[in-house]
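A.B. asks: The sequence and its predicted three-dimensional model are supplied below.
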Amino acid sequence: MNKIVNLISILLILSMLLVSMSACFGGNDNNPPEENQGDQVDNNNDNSNNDNTGDNGNTDNEDKDHTTYFTGKQSVLLIGQSNMAGRGFAEDVEPISDDRITMLNQSNQWVKMKEPIHYDKSAAGVGLAASFAKGFVETFDCELGLIPAAMGGSSIADWAVGGTYYTDAIERAKAAQKDSEICAILWHQGESNRSNHSGYAEKLQAILDSMIAELGLDRDKVVIITGELREISSNPNQRETFHAELSKLGDVYKNYGVADADGLTLNSDIIHFDAPSLRVFGYRYFSIFKTLVTGEGYEFVNDPTHYYVGVDKDPNPNNNGKVDLPSENAGDDFGSKDESTGTRVEIEGNIVADTYLASGSSADKNREDQTYLGTNKNASRPLIMYNLALILSEPAVEQYRESAKVEFTFAITEGADTLTADTLASVYGFLPGDGVSNADFTTLTWNNCKSGAPLYRGTATYVFKDKALGTVNVIKEGNTITYILDYTAIEQFICTEPGDNYGNMVMGFDFGVGGIKFASMENTDYPIPTVNFVYYV
């Protein structure tokens, strides 16, 4: 009897063990317990994150709390030239939008960020700031304001302390400081100094030091990030020696880094990073920022093609607004439509200063003491100084100089409706000399800028004179006028020798009709004048 009882006890114990084991191992394989289902989902999420396929590239470990690093609204100052301002085509990438990201508009008011963030030129487009900002708000979960102050085509000399671009950046930064704290300065400039960067690090340090002092920033706290130049096949040593200049600042500032540009792709102008690459560049900038602040980098998809969505879009500089649209009455068209075929390639120049002949007849231009006023917004004869150093540094200039055009575009503030195809106009040029280096153009005298060149002193040489607008290549769109001139017709006015005036050119424009007034650079209600070297491949 005892044996039977013992046997039954053993069987009961074994039965209980089997039930327990069945519960632990999930029983039926086709119906796992909810806890195990949850574990599997979590594992899938982990694997998904490791694939780096997120829409915005963010794969940061969300378990880590970074919200304590910043309190209150932060802001970032954006300075440099066109690749900071952005020349990417918006249709090539998904837009970035977040209520936590704002930007200063032209009236220095905060508005929700929308690209283009900059408005330095009509070609402004997608830049690197948007993806930088996206990484910032997702990491630190606080509001970020962007302060756009970059200027396309500007050289390091144009950013000297006290200059127009420096002063504008300071004014905008101070406006932002009224309700935000500047946590970083992002700089990208150098295409204009690729072949002329002697002492670049010292010049940039002087600019940054002055900004830090004027804005009352903590030198040991503010983050400063610069970026490398684009890759080109011609003279790669220029790029490397330039980057060496950027690296020097690592010994000067505690929180400093350089974002690499390796693998980034360009628009067909072979000057500007395309939109997908600018998304990557912005994340690279932010990864450096996050590393300096938290000690940890920022994970993202480091491949420009990941961000490209324009399957049916052709990123082409031809879509820049300067198109001669035919009117219903062909007799009202200005100039002739460009019949060039192929892909349009555009290299931008820089407006060094714009100024206006205050008064006087043609005879007055012979006076060596003629005074030019840079702040006269109402003059009827714009005399504008351009710097084509960036253009001249491109190999394409020599290759396409015989067929290239140069486009000069500026706005007419009053009297645009009085211009017709029959209006007489003249374009004239000066060979700039030592006096041209005076930025305010006061008491300007003209001298030759290279040995053996003809001496021009005040007397204009005309590219065309008293020609009807309908017989020359002039495009009028609303209140905007674009002169399209053969490069070979104006190259005589360009200083091509190294020195202070390298690349400088002075051109004048005159209409044979009264009541015309032009916008000046100081008047931000109108587009800033532009100059572009255009050719087709």
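C.D. replies: Looks like it came in fine.
A.B. asks: before we move on, what SS does Asp417 have?
C.D. replies: helix (DSSP: H, G, I helix; E, B strand; the rest coil).
A.B. asks: for it, what are its contacts?
C.D. replies: Contacts here follow CB atoms under 8 Å, 6 or more residues apart in numbering; on that basis Asp417 touches nothing. Quick note: C-beta positions are derived from backbone N, CA and C, even for glycine.
A.B. asks: let's see it at 10 Å
C.D. replies: Contact partners of Asp417, counting by CB atoms under 10 Å, 6 or more residues apart in numbering, are Gly478, Asn479, Gly515.
A.B. asks: Just confirm Gly145 contacts Asn108, I think it does.
C.D. replies: No: here Gly145 lies out of contact with Asn108, judged by CB atoms under 10 Å, at a distance of 11.1 Å.
A.B. asks: picking up where we left off before, filter the contacts of Asp417 down to the buried ones, ChimeraX style.
C.D. replies: Only the buried entries of the contacts of Asp417 go into this ChimeraX selection, using 16 or more other CB atoms under 10 Å:
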select :479
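A.B. asks: measure Leu104 to Glu171 for me?
C.D. replies: Taking CB to CB, to the nearest Å as the measure, Leu104 falls 10 Å from Glu171.
A.B. asks: Just name the closest of the contacts of Asp417 to Val222, please.
C.D. replies: For the contacts of Asp417, the closest approach to Val222 (CB to CB) belongs to Asn479, at 41.2 Å.
A.B. asks: between Leu104 and Glu171, what contacts are shared?
C.D. replies: Shared contacts of Leu104 and Glu171 (CB under 10 Å, 6+ apart): Ala149.
A.B. asks: who has more neighbours, those two?
C.D. replies: Taking neighbours as other CB atoms under 10 Å, Leu104 and Glu171 compare with Leu104 leading, 22 against 12.
A.B. asks: Under the pLDDT cut-off, which ranges of the protein? List them.
C.D. replies: Scanning the chain for pLDDT under 70 picks out the ranges 1-63, 232-235, 268-270, 310-341, 352-381, 431-460, 498-500, 520-525.
A.B. asks: hmm, try it at 50
C.D. replies: Counting by pLDDT under 50, the ranges of the chain that qualify are 5, 17-62, 311-337, 339, 356-379, 435-446, 454-458.
A.B. asks: what's the domain layout of it?
C.D. replies: 74-307, 330-536 (automatic domain parsing).
A.B. asks: would you turn the ones you listed into TSV with distance to Thr67?
C.D. replies: Shown next, in TSV, are these (distance: least, CB to CB, whole Å):
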stretch	distance to Thr67
domain 74-307	5
domain 330-536	37
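A.B. asks: Check the ones you listed for me and report the most buried one.
C.D. replies: Across those, the average number of neighbours (mean count of other CB atoms under 10 Å) peaks for domain 74-307, which reaches a mean of 20.
A.B. asks: Give me the common contacts of Gly145 and Asn108.
C.D. replies: Ala176.
A.B. asks: what residues are up against Gly227?
C.D. replies: Going by CB under 10 Å, 6+ apart, the list of residues near Gly227 reads 80, 83-84, 128, 186-190, 243, 246, 257-261, 264, 273, 281-282, 284-285, 288.
A.B. asks: Those residues in helices, which ones?
C.D. replies: Among the contacts of Gly227, DSSP state H puts Asn83, Met84, His243, Leu246, Phe281, Gly282, Arg284, Tyr285, Ile288 in helices.
A.B. asks: and of those, the nearest to Thr164?
C.D. replies: Thr164 lies nearest to Met84 out of these, by CB to CB, at 16.5 Å.
A.B. asks: out of the contacts of Asp417, which one sits closest to Tyr386?
C.D. replies: Tyr386 has its nearest neighbour among the contacts of Asp417 in Asn479, at 20.8 Å by CB to CB.
A.B. asks: Against Ile516, how distant is the residue nearest to the closest one when sequence neighbours are not counted?
C.D. replies: Once flanking residues are discounted, Asn479 sits nearest to Ala416: 4.1 Å by CB to CB, 6 or more residues apart in numbering. In this view, Ala416 and Ile516 are 8 Å apart by CB to CB.
A.B. asks: Overlap of the contact sets of the two?
C.D. replies: Ile481.
A.B. asks: State which strand of the chain is the longest.
C.D. replies: Ordering each strand of the chain by length in residues (DSSP state E) puts strand 405-414 first.
A.B. asks: so the helix or strand that that one is followed by versus strand 405-414, what angle?
C.D. replies: Using DSSP states H and E, the helix or strand that follows strand 405-414 towards the C-terminus is strand 424-430. With axes from the mean of the first three to the mean of the last three CA atoms, to 10 degrees as the basis, strand 424-430 and strand 405-414 are set at 120 degrees to each other.
A.B. asks: Could you spell out the sheet neighbours of strand 424-430, each with its direction?
C.D. replies: For strand 424-430, the pairing partners within the sheet under DSSP bridges are strand 461-468 (antiparallel), strand 504-511 (antiparallel).
A.B. asks: looking at those strands, which is closest to Ile412?
C.D. replies: So among those, strand 504-511 is nearest, using CB to CB, at 8.9 Å.
A.B. asks: ok, so of the contacts of Asp417, who is nearest Val534?
C.D. replies: Gly478 (20.8 Å).
A.B. asks: I'd like the distance between that closest one and Asp466.
C.D. replies: Gly478 is 25 Å from Asp466, by CB to CB.
A.B. asks: Please apply the same query to Thr265.
C.D. replies: Per CB to CB, Thr265 is found 47 Å from Asp466.
A.B. asks: Quick check, Leu144 in contact with Gly72.
C.D. replies: No: contact criterion CB under 10 Å: Leu144 and Gly72 do not qualify, at 11.0 Å.
A.B. asks: what do the two both touch?
C.D. replies: Listed as contacting both Leu144 and Gly72 by CB under 10 Å, 6+ apart are Ser180.
A.B. asks: I'd like the distance between Ile96 and Ser82.
C.D. replies: Taking CB to CB as the measure, Ile96 falls 20 Å from Ser82.
A.B. asks: do Ser247 as well
C.D. replies: As for Ser247, its distance to Ser82 is 23 Å (criterion: CB to CB).
A.B. asks: surely Tyr298 meets Tyr283?
C.D. replies: Yes: counting by CB under 10 Å, Tyr298 touches Tyr283, with 6.6 Å between them.
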